[in-house]
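Peer 1: no sequence for this one, just the structure:
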């Protein structure tokens, strides 16, 4: 493809640039936002074309904003378990786990992917909140032998149906042995990487954790140089595809006052395990009493939405406020306006109709099952 000329952006020094920043500008990034105190590309042009590039071929995304919190030491496993209600007792070295980090009230602080690099070494690959500070605070008065830090580790995502072919060209057939939610160590022309079969796309994909930020530009160019002839395009995380897949975005679909049961993530909470974790008593009480609100899928009637919502839209039933739309977008594949919403459990039954109050208009909507596409995750898991 033809690369765009470098542009000048008005960035300040208080927000960090990723190791891939200059490369993304060369390859056509037009807009950025801030995530975990770092700039992230949000556009390479038409978001619908980015979606089709993802689902038909493959895209390379700068997700260095997924900062790592590293926990090491003899008591690392005990401390890491303290942070999450998901039972980690069977988590093997080389395995990834999607986990929740909860506060004392059972609210969600973050929903990272956990990687176990050794018996006494863990990474938390973060969504957008300051878990490093939280972990340091939790550890302050604990008599545990641990070290907590943010290492120089910056992920790239290669996602889409052609990602496996591209990765095999780059790394050889061994990459095909990598199972869904597992990782291994690789090297590309002297660049050491941790590569996992994960990604924030609901598509087949890989995440490459660069272990030296000084090699970011070289890594990007090597990947695009090999991948472009195979259909690879520079891209950004797709709101369309992640909402189709029911993937959650922190600060939008969950926050400190959202608990796992409201999201239907009961499987990530083990109240029976012997180990303690922050929020255990609160989550036990919530489970016993039940939740007053639930996350649902909505189909919103009317013309295609012009883009993802950038504010919460109230949801009403009759004249009664019952909740809010947290994420919404038009899916060109489903030819529907689809949304995730947090609403009163009394209004959450499949088939229930409601009204979404968008800026300047009201639209009818219907509660539908989620995810909206590939509900058994056969695509991302590689099962189909």
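Peer 2: Nice, I can see it. As the structure is a computational prediction, the values presented were derived from the model and not from experiment. Numbers count the residues shown, from 1 in each chain.
Peer 1: next, count neighbours for residue 212.
Peer 2: If you count neighbours by other CB atoms under 10 Å, residue 212 ends up with 15. Heads up, the C-betas are built off the backbone N, CA and C, glycines and all.
Peer 1: which other helices and strands does the longest helix seen in the chain contact?
Peer 2: When every helix of the chain is counted residue by residue (DSSP state H), the longest turns out to be helix 216-227. Packed against helix 216-227 by the contact rule (3 or more CB pairs under 8 Å, 6 or more residues apart in numbering; DSSP states H and E) you find helix 21-26, strand 58-62, strand 154-159, helix 163-171, strand 191-196, strand 205-210, strand 232-235.
Peer 1: so what does residue 289 look like in phi/psi?
Peer 2: Torsion angles at residue 289 (phi, psi; degrees, to the nearest 10) stand at phi -90, psi -20.
Peer 1: which non-adjacent residue is nearest residue 78?
Peer 2: Leaving aside its chain neighbours, residue 78 sits nearest to residue 144 (6.5 Å; criterion: CB to CB, 6 or more residues apart in numbering).
Peer 1: brain fart, residue 235
Peer 2: Nearest non-adjacent residue to residue 235 (CB to CB, 6+ apart): residue 59, at 3.0 Å.
Peer 1: so what pLDDT did the residue nearest to residue 78 get?
Peer 2: pLDDT for residue 144: 98.
Peer 1: and the helices in this structure?
Peer 2: So, for the chain - with DSSP H - the helices run 21-26, 47-56, 76-83, 131-139, 163-171, 216-227, 239-244, 280-289, 378-381.
Peer 1: pull out the buried positions in the last one.
Peer 2: When you say that, I think you mean helix 378-381. For helix 378-381, burial by neighbour count (16 or more other CB atoms under 10 Å) applies to 379, 380.
Peer 1: and that helix, how far from the chain's centre?
Peer 2: Remark: helix 378-381 is offset 16 Å from the chain centroid, using CA atoms, centre = their mean, to the nearest Å.
Peer 1: mean confidence score for that helix?
Peer 2: Per-residue pLDDT over helix 378-381 has a mean of 95.
Peer 1: and what of the third one?
Peer 2: Here the mean pLDDT over helix 76-83 is 98, rounded to a whole number.
Peer 1: correct me if wrong: residue 154 contacts residue 213.
Peer 2: Yes - between residue 154 and residue 213 there is a contact at 5.6 Å, judged by CB atoms under 8 Å.
Peer 1: who's more crowded, these two?
Peer 2: Neighbours were counted for residue 154 and for residue 213 using other CB under 10 Å; residue 154 has more, 25 against 16.
Peer 1: what about the residue nearest to the more buried one when sequence neighbours are not counted, how many residues nearby?
Peer 2: Distances taken as CB to CB, 6+ apart put residue 64 closest to residue 154, at 3.7 Å, once the chain neighbours are dropped. Residue neighbour count, defined by other CB under 10 Å, stands at 26 for residue 64.
Peer 1: quick check on residue 64: phi, psi?
Peer 2: Residue 64 adopts backbone torsions of phi -60, psi -20, taken as degrees, to the nearest 10.
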